[in-house]
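> the sequence and its predicted three-dimensional model are supplied below.
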Amino acid sequence: MLENASWIGAAALLGGAAVAAATLYPDAKRREISHGLVVGLAALWLLAALLAPEAMGAAAWQALACGAGALGVGYVAYLLGWLGAGDGKLLGVLALWMGPRDLGLWLLGTAALGLALILIALARPGGDFRTRGLPFAWAMAPPAATLLAARALALGGA
């Protein structure tokens, strides 16, 4: 049986996974990631970090450093035209959730899915995705949701 804090942590991790996955539809439809989703992910992380810090896998300051670094990289990528503004913010908030423990694995999964998205876009007729962009949340959210769900299951002893 899980302690209450473990239940809270597992629920927060699964909630984070669900909110991360919720970015997929609006990004595919409108190439837009809602500020509410990004703020919701950040607020949910803060709640989990306060109520169930053991579920987060690292100290809060370490996760904040990961998030701040990724937000900085996302901002530079936005300025260079490589990512949209929403993608840069999502990069930062998902790195916050990953922390140092899962950051590398998440970035690897994101890179693999991003490459797959580019190859699919190039294979389509008229495949110049650069004019319309790619829904890059589709590369970031699935690995994040998978890792958060796995962390919740591990917390539950499954």
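The structure has been received and is ready for your questions.

> model confidence score at Leu24, please.
Looking at Leu24, its pLDDT is 64.

> cool, and Ala11?
We have a pLDDT of 70 for Ala11.

> distance of it from Ala145?
Distance from Ala11 to Ala145, counting by CB to CB, to the nearest Å: 15 Å. Just so you know, the C-beta spots here come from the backbone N, C-alpha and C atoms, and that holds for glycine as well.

> between these two, who's got more neighbours?
Set side by side, Ala11 and Ala145 give different neighbour counts by other CB atoms under 10 Å, the larger being at Ala145 (23 against 17).

> so what's the gap between the helix or strand hosting the more buried one and the chain middle?
Element membership for Ala145 (DSSP states H and E) is helix 137-155. Centre-to-centre, helix 137-155 and its host chain are 8 Å apart (CA atoms, centre = their mean, to the nearest Å).

> do stretch 84-99 as well
Distance, stretch centre to chain centre, for stretch 84-99: 6 Å (CA atoms, centre = their mean).

> can you name the residues that contact the most centrally placed residue in the chain?
Taking CA atoms, centre = their mean, the centroid of the chain lies closest to Leu94, which sits 3.2 Å from it. Each residue near Leu94 by CB atoms under 8 Å, 6 or more residues apart in numbering is listed here: Ala20, Leu41, Ala70, Trp106, Met140, Ala141, Ala144.

> tell me where this structure has helices.
Taking DSSP state H as the test, the helices found in the chain are 4-22, 24-30, 35-51, 60-79, 85-123, 137-155.

> any regions of the protein where pLDDT drops low?
In the predicted model of the chain, residues 1-10, 12-13, 16-17, 19-30, 126-133, 155-158 satisfy pLDDT under 70.

> Ala152 reaches Leu14, doesn't it?
Yes: contact criterion CB atoms under 8 Å: Ala152 and Leu14 qualify, at 4.9 Å.
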